[in-house]
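Peer 1: Model the following, please.
(one chain, ligands or ions: 1)
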Amino acid sequence: MIWLLLFLNLLLFQFEGFFAIIKVETEIGSFGGDRGQIDDEDHDYFADEMTIYDPNTEMMLDDMIITHQEFKRFFIEEDEIETKRNAITDENSYWPDKTVRYFMDREFYDVDKKIIREGIKMITDVSCIKFNELSKPPNDSGPYIHINSGNGCYSKVGADCKKCIMSLSITGCLRPGTVAHEFLHSLGFYHMQCSKGRDNFVDIIWSNMKNNAEKNFFELGTVSSLLNTTYDYDSILHYGPRFFSVNGAPTIIPKDGRYLSRIGQREFLSQGDIDRLNIRYKCYEN
Ligand SMILES: [Zn+2]
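Peer 2: I've put the predicted structure just below:
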């Protein structure tokens, strides 16, 4: 009898586990931004990776993994953040010694790794950021990016992590520009259309948006500062005009209409991207 009870308990536990998995999948199951494609098309995703992020402490914001604490920080008033700067400082999210360590999972072939390195080169060519490719995951406590081929393209924002997850799906993310986009997230940058002050440059059309996509379009506070550069329609971190559209109509319309077909490019780092990278990592000061 006891064995029967144990068996039933085990079965129940399995079911609980099963439902927990479904819950995580549902949460990340539907999106239409940068996670899987670089054009305006919209695809639903269904994750089979169960170790993407820890829902107790982290969440997905389109293609970015952020902590709940970081999400709350987006909405802290500027004067408040000044007083809290010491407690929640940006410094933790910067890569030490301006050096990004990364490890590419075994599932990548040499041809895939070559493309990932090309994306990295787009950053090293224009900044003082260094990249250190590891042949195996490190034993020390310093941060490193563990790149695997999960479902879609996404990255942990910043270096405030030990094993910082990045997914570059071999079926949709292996383009140098997409790789560079994800690495810019890991270097601490958010999407351009969420920058502070963006309402002077783009109109966000909430009524054309899919359910639950609104958070991807929130204007963020100081964390998403433009670092004294101007709003940048050409940024490789800008959404395309129809990202997360429910009806095919635009969700973002540049106030300067000439940029409608230009936003959302994933081919090159704009001059603004380069400037912000170099300002944030103090490349101009050396
Ligand atoms: Zn992104």
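
Peer 1: Tell me who's in contact with the residue in the stretch 1-150 of the chain that the ion sits nearest to.
Peer 2: The nearest approach of the stretch 1-150 of the chain to the ion comes at residue 34, 3.6 Å away (C-beta to the ion). Placement of C-beta: from N, CA and C, glycine included. Contact analysis of residue 34 by C-beta atoms under 8 Å, 6 or more residues apart in numbering lists 62-63, 153-154, 178, 181, 191, 239, 243.

Peer 1: can you tell me which of those are in helices?
Peer 2: Under the assignment DSSP state H, the contacts of residue 34 contribute 178, 181 to helices.

Peer 1: Out of the contacts of residue 34, which sit inside strands?
Peer 2: Judged by DSSP state E, the contacts of residue 34 include 153-154 as members of strands.

Peer 1: Run through the contacts of residue 34 and flag the ones next to the ion.
Peer 2: Restricting these to those adjacent to the ion (criterion: C-beta under 5 Å from the ion) gives residue 63.

Peer 1: Closest one to the ion out of the contacts of residue 34, please.
Peer 2: residue 63 (4.1 Å).

Peer 1: For the residue minimising distance to the centre of the chain, give the beta-bridge partners.
Peer 2: Per C-alpha atoms, centre = their mean, the C-alpha nearest to the average position across the chain is that of residue 64, at 2.6 Å. With DSSP bridges as the criterion, residue 64 is bridged to residue 61, residue 155.

Peer 1: Next one, pLDDT for it please.
Peer 2: For residue 64, the pLDDT comes out at 89.

Peer 1: what does residue 10 give?
Peer 2: pLDDT, residue 10: 44.

Peer 1: Kindly report the same for residue 45.
Peer 2: Predicted confidence (pLDDT) for residue 45: 34.

Peer 1: Please list all residues in contact with the residue nearest to residue 218 when sequence neighbours are not counted.
Peer 2: With sequence-adjacent residues excluded and distances taken as C-beta to C-beta, 6 or more residues apart in numbering, residue 218 is closest to residue 194, at 6.3 Å. For residue 194, the contact set (C-beta under 8 Å, 6+ apart) comprises 216-220, 224.

Peer 1: Phi first, then psi, for residue 186.
Peer 2: Dihedral pair for residue 186: phi -70, psi -20, per degrees, to the nearest 10.

Peer 1: Was I right to think it contacts residue 93?
Peer 2: No: the criterion here is C-beta atoms under 8 Å, and residue 186 misses it with residue 93 at 9.5 Å.
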